[in-house]
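A.B. asks: sequence isn't available, so here's the structure alone:
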């Protein structure tokens, strides 16, 4: 399991897992010592607090996957930065996202081929719990990013 977690980010450390129904819960903690403030770029190692964050990822052996991540909140040491604290970020996860980037790509891949109603039904069958309105919102955001318009 540690290799699965490290495949998402080298700084994640596997803690435990459990299977409840059709869902695999993977618990991980960040082992990163230093993180850069996303607002000013200043590196910091001063931990303010930690919090638990849940996100959906691609399924494993017909089990939906929920990653429960213990994330760090750090102090920004830059006196010129407007933010005194910031949350650690990860490349595999959009900022404030609830789904991994690779899961979002899979949802978009399916939804571009069929209607949002059909895509939601297909994806609910062993991939991810997602509704048609969420798919429509994702498609609008993707279109606006591609063509430089606001959704």
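C.D. replies: Perfect, thanks for sending it. Everything quoted here is computed from the prediction, not taken from an experiment.

A.B. asks: break this protein into its domains for me.
C.D. replies: 1-92, 99-151 (automatic domain parsing).

A.B. asks: mean neighbour count and mean pLDDT for those - can I get that in a markdown table?
C.D. replies: Yep, even glycine has a C-beta here, placed from its N, CA and C like the rest. Output for these, formatted as a markdown table (neighbours: other CB atoms under 10 Å; pLDDT from 0 to 100):
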| stretch | mean neighbour count | mean pLDDT |
| --- | --- | --- |
| domain 1-92 | 15 | 93 |
| domain 99-151 | 15 | 82 |
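
A.B. asks: wait, residue 65 touches residue 56, no?
C.D. replies: Yes: Residue 65 is within contact range of residue 56, at 6.8 Å (criterion: CB atoms under 8 Å).

A.B. asks: what's the helix or strand for residue 14?
C.D. replies: For residue 14, the host element (DSSP states H and E) is strand 12-20.

A.B. asks: perfect, I'm done here.
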